[in-house]
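Peer 1: coords below, sequence missing:
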C-alpha cells in the first residue's frame, strides 16, 4: 500500500486529508510540524509527501532541504496559502514536483496525489 505523509500545522487540514486519502486505499501518515515530519520520514519512508511551507520552528522549505540530503528521489508537493514566487522557485530548486495553493480543492488534490502515487 502506498504511503502518503501529510505535513501541516493545521490539525483540521491533516485530519480531513488523512480521512479522504485513507478511503482511497492509501496509507496516510501525518505530522504537525517539520521536526515531526523528519522523524516520520526517516522511520516510514513515504512514497509522497504533501508539505505546508509556513510552519513554526522549521518551515517546509527547510524540511525539504533536509529530506533531500537523505533522499533525492522521494516525491514532495509543497502546499501554501500564500503565493510567493521566491518560495515556489526554492521549492522547485530543491526538487519539489509540484506546488499547490490553499484552500485545497479535494478533486484537484486527489488527481495529483493519485497520479504521483501510481507512478511508483
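Peer 2: Alright, I've got the coordinates. From a predicted model like this one, the values you see are computed outputs, not experimental measurements. Residues are numbered from 1 along each chain as shown.
Peer 1: Could you use CA atoms for every contact and neighbour count after this?
Peer 2: Will do.
Peer 1: what number of residues lie near the closest residue in space to residue 45 that isn't next to it in sequence?
Peer 2: Nearest residue to residue 45, sequence neighbours excluded (CA to CA, 6 or more residues apart in numbering): residue 3, at 7.9 Å. Residue 3 is flanked by 18 other residues according to other CA atoms under 10 Å.
Peer 1: Quickly list what residue 3 is bridged to.
Peer 2: residue 27 (DSSP bridges).
Peer 1: ok, it - contacts?
Peer 2: Neighbouring residues of residue 3 by CA atoms under 8 Å, 6 or more residues apart in numbering: 26, 27, 28, 29, 45, 46, 47, 48.
Peer 1: Tabulate the residues you listed (TSV), appending distance to residue 108.
Peer 2: What follows is the contacts of residue 3, written out as TSV (distance: CA to CA, whole Å):
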residue	distance to residue 108
26	17
27	19
28	18
29	20
45	25
46	21
47	19
48	16
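Peer 1: Greatest separation within the residues you listed: which pair is it?
Peer 2: Across these, no pair lies farther apart than 26 and 45, at 14.0 Å, counting by CA to CA.
Peer 1: who has more neighbours, those two?
Peer 2: Per other CA under 10 Å, whichever of residue 26 and residue 45 has more neighbours is residue 26, with 18 against 15.
Peer 1: Leaving out sequence neighbours, find the closest residue to the more buried one.
Peer 2: Per CA to CA, 6+ apart, closest to residue 26 is residue 2, 5.6 Å.
Peer 1: backbone phi and psi for residue 100, please?
Peer 2: phi -110, psi 140 (degrees, to the nearest 10).
Peer 1: neighbours around it, how many?
Peer 2: For residue 100, using other CA under 10 Å, the count is 20.
Peer 1: Could you list which residues are in contact with the residue nearest to residue 81 when sequence neighbours are not counted?
Peer 2: Closest residue to residue 81 apart from its sequence neighbours, by CA to CA, 6+ apart: residue 102 at 4.5 Å. Contacts for residue 102 were tallied using CA under 8 Å, 6+ apart; they are 79, 80, 81, 82.
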